[in-house]
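[1] Need a 3D model of the following:
(chains A and B)
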Amino acid sequence: MAVVACPAIAQQDFDLLLATKKNPVTIKFFASWCGSCKDDLESLRGKSRNSNIIMLSAFDDETSSVAALNHFGVDQACFNGDAIARKLGVRHLPRTFISNNGQLLPKDAK
Amino acid sequence: MIFFRFKFVAALIAISGGIFISESVTLACASCGSGGDEPLVLFPAEAIKIHGSVSLTPELESTGPDGATLQSTGPDRRVNSTFAVGLAWSPRGFFTVAQSLTTNSRAVVGADQAASGRASRSGVGDPSFSGRYTVLMPQLSRPLMPQIQLLAGYRPAIARSIHDSSDAHLLDVFGSGFDEIRAGIDLWLGMLSVKPGVALTATESLATRHNGTLLKPGTLIRLTASLSGIAPIGDFGIGAQPVKLTTGITSDRRGAASADHEIVQNSEQAVNGAFISADISAWESDGIKLTLAQQGVFGVVKNSVASQNWSVAWARVLR
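    Numbering: from 1, shown residues only, chains lettered A, B, ... in the order given. Modelled structure (predicted):
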């Protein structure tokens, strides 16, 4: 099944989405122009939609983001994450956060 | 008298041209994510970024129109510090402002012809204002499609130049003496494992009257070609990040200068250079770049400067 859109999502709707999902939820920031994101996207090829992963495209246009996900066969929920990226201080891509009970922490946080 | 003036102008151009070709090459690819012709570039996710660098040119060798080494009385060593700030107005476009501080020095020879120390002078250079806009963004889904950026810049002649120097060894020369306007294009294939890049820029110096003579250096055309990729040495540094290696060559060609609208014979400049740099990510938002650049390679140095330059650059993304 191909990804068809990465629509915008308001912060409160995103918080609600996280609340409906089973913990932990993996949130991956990416962009179609991000060469460093290649390995990350490749690792998601073939993973089922039920794998509790949310893709957030950042500083990118929707068409290009969708094309990138489909190019790598990534079939996960996708949203435009510009505002969320700014709020979390995301300055480099790719970045992965783990959500537990709505609290987002960087994957490499100690 | 006319011959003397033209010979003097040619010498001035050789020396002043050498200052800025040398400075620019040391900054080449200081922030690759481009063809390599800018000290500071911002990636689409970066809104505010700062850059600081220190470069050392331990020896400077001037050459004349026939490529022969000139007996220079100017500085024989230069240390350059640069601070730059970049501000993005969109993921595709950003401005940068850069300011340098230069220390020129020269070995002092005593009456007995033995070296007796070094004389030095420090001063600020001409500031540089630049802008870039990405007209074509790279795409993961189309790896052979290049990123294409247009660039433009302006450098006002504010610092003391060779034309108003008061030092016998030109140690107080920190600027070119001419307002400069620059424009160019930069291509980069950032989706491949080995990323090639190329940048082509043209710099036009505005005619300026110095000491009663209307001088104008020729147009400078610079071609920079680079290759970058991840070094096969594993992860390194704080946070265990891969080290990026970049290597490239530069070609600078400047047309003949003019004095009072008359072409100065044999005043064209040419110099080829080569560089290699290593990028290390130090912390979440910091990067460090080490660069070695050599000017005057492949036997091409005309009315310019052959030199070797070592530099350390640091950049931090603030937002």
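
[2] list the buried ones in stretch B:94-102?
    Residues of stretch B:94-102 classed as buried by neighbour count (16 or more other CB atoms under 10 Å in any protein chain shown): B:94, B:96, B:98-100, B:102. Glycine gets a C-beta too; all of them are placed from N, C-alpha and C.

[3] Now render those residues as CSV, adding secondary structure.
    Converted to CSV, the buried residues of stretch B:94-102 look like this (DSSP: H, G, I helix; E, B strand; the rest coil):
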residue, secondary structure
B:Phe94, strand
B:Thr96, strand
B:Ala98, strand
B:Gln99, strand
B:Ser100, strand
B:Thr102, strand
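
[4] and those residues as a markdown table, adding pLDDT?
    Converted to a markdown table, the buried residues of stretch B:94-102 look like this (pLDDT from 0 to 100):
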| residue | pLDDT |
| --- | --- |
| B:Phe94 | 95 |
| B:Thr96 | 94 |
| B:Ala98 | 92 |
| B:Gln99 | 93 |
| B:Ser100 | 92 |
| B:Thr102 | 93 |
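
[5] Show me the helices in the stretch 51-200 of chain B, by range?
    Using DSSP state H, counting those that start in this stretch, the stretch 51-200 of chain B contains no helices.

[6] Next, count neighbours for the residue of chain B at minimum distance from chain A.
    Per CB to the nearest CB, B:Ser141 is where chain B lies closest to chain A, at 3.7 Å. Close neighbours of B:Ser141, defined as other CB atoms under 10 Å in any protein chain shown, add up to 16.

[7] In this structure it contacts A:Thr63, no?
    No: B:Ser141 is beyond contact range of A:Thr63, at 10.2 Å (criterion: CB atoms under 8 Å).

[8] list the contacts for A:Gln67?
    For residue A:67 the amino acid is Ala, not Gln. Counting by CB atoms under 8 Å, 6 or more residues apart in numbering or on different chains, A:Ala67 touches A:32, B:139, B:141.

[9] tell me the secondary structure for A:Arg15?
    Careful, residue A:15 is Asp; it's not Arg. Secondary structure, three-state DSSP: A:Asp15 is helix.

[10] Excluding residues flanking it in the chain, which one is nearest B:Leu101?
    B:Ser81 (4.6 Å; CB to CB, 6 or more residues apart in numbering or on different chains).

[11] Just list whatever residues bridge to the one you found.
    B:Val54, B:Leu101 (DSSP bridges).

[12] Contacts only, for it.
    B:52-55, B:100-102.

[13] Next up, phi/psi of the nearest residue in space to the residue of chain B closest to chain A that is not next to it in sequence, please.
    Nearest residue to B:Ser141 in three dimensions, chain neighbours excluded: A:His71, at 3.7 Å (CB to CB, 6+ apart). For A:His71, the backbone dihedrals (degrees, to the nearest 10) come out as phi -60, psi -40.

[14] Counting neighbours, what do you get for A:His71?
    18.

[15] Just the pLDDT for it.
    Looking at A:His71, its pLDDT is 94.

[16] Go ahead and confirm it touches B:Pro143.
    No: under the criterion of CB under 8 Å, A:His71 is not in contact with B:Pro143, lying 9.3 Å apart.

[17] Can you give the distance of stretch B:207-227 from its chain's centre?
    In this view, stretch B:207-227 has its centroid 13 Å away from the chain centroid, taken as CA atoms, centre = their mean, to the nearest Å.

[18] So it, near chain A or not?
    No: against chain A, stretch B:207-227 shows no contacts by CB under 8 Å from any CB of the partner chain, the least distance being 14.4 Å.

[19] Among the contacts of A:Ala67, which one sits closest to B:Phe178?
    B:Gln139 (40.4 Å; CB to CB).

[20] How about the contacts made by that closest one?
    A:32-33, A:64, A:67-68, B:145, B:191.

[21] any idea which of these has the most stuff around it?
    Within the contacts of B:Gln139, neighbour counts (other CB under 10 Å) peak at A:Ala68, which reaches 28 neighbours.

[22] What's the first helix or strand after the strand or helix carrying that residue?
    Using DSSP states H and E, A:Ala68 maps to helix A:62-71. Later in the chain than helix A:62-71, the nearest helix or strand by DSSP H and E is strand A:77-80.

[23] in the stretch 201-319 of chain B, which ranges drop under the pLDDT threshold?
    Across the stretch 201-319 of chain B, the ranges flagged by pLDDT under 70 are B:233-241, B:282-284.

[24] The same query, at a cut-off of 80, please.
    B:231-242, B:281-285, B:300 (pLDDT under 80).

[25] quick one on the thing from earlier: mind putting the contacts of B:Gln139 in CSV, distance to B:Trp310 included?
    Output for the contacts of B:Gln139, formatted as CSV (distance: CB to CB, whole Å):
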residue, distance to B:Trp310
A:Ser32, 37
A:Trp33, 32
A:Ser64, 40
A:Ala67, 43
A:Ala68, 39
B:Met145, 36
B:Met191, 31
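
[26] Next one: A:Ala31, what pLDDT does it get?
    95.

[27] thought it was touching A:Phe59?
    Yes: with contact defined as CB under 8 Å, A:Ala31 reaches A:Phe59; the gap is 5.9 Å.

[28] who's more crowded, these two?
    A:Ala31 (28 against 24).

[29] Would you mind listing what in chain A touches chain B?
    A:31-35, A:37-38, A:41, A:58-60, A:64, A:67-68, A:70-72, A:85, A:90-93, A:108.

[30] for chain A, what are the low-confidence residue spans?
    A:1-3, A:50-51, A:101-102, A:108-110.

[31] how about low-confidence regions in the stretch 51-200 of chain B?
    B:67, B:69-73, B:109-116.

[32] Quick one: name the residues of it near chain A.
    So the stretch 51-200 of chain B meets chain A at B:91, B:137-141, B:147, B:190-191, B:195 (CB under 8 Å from any CB).
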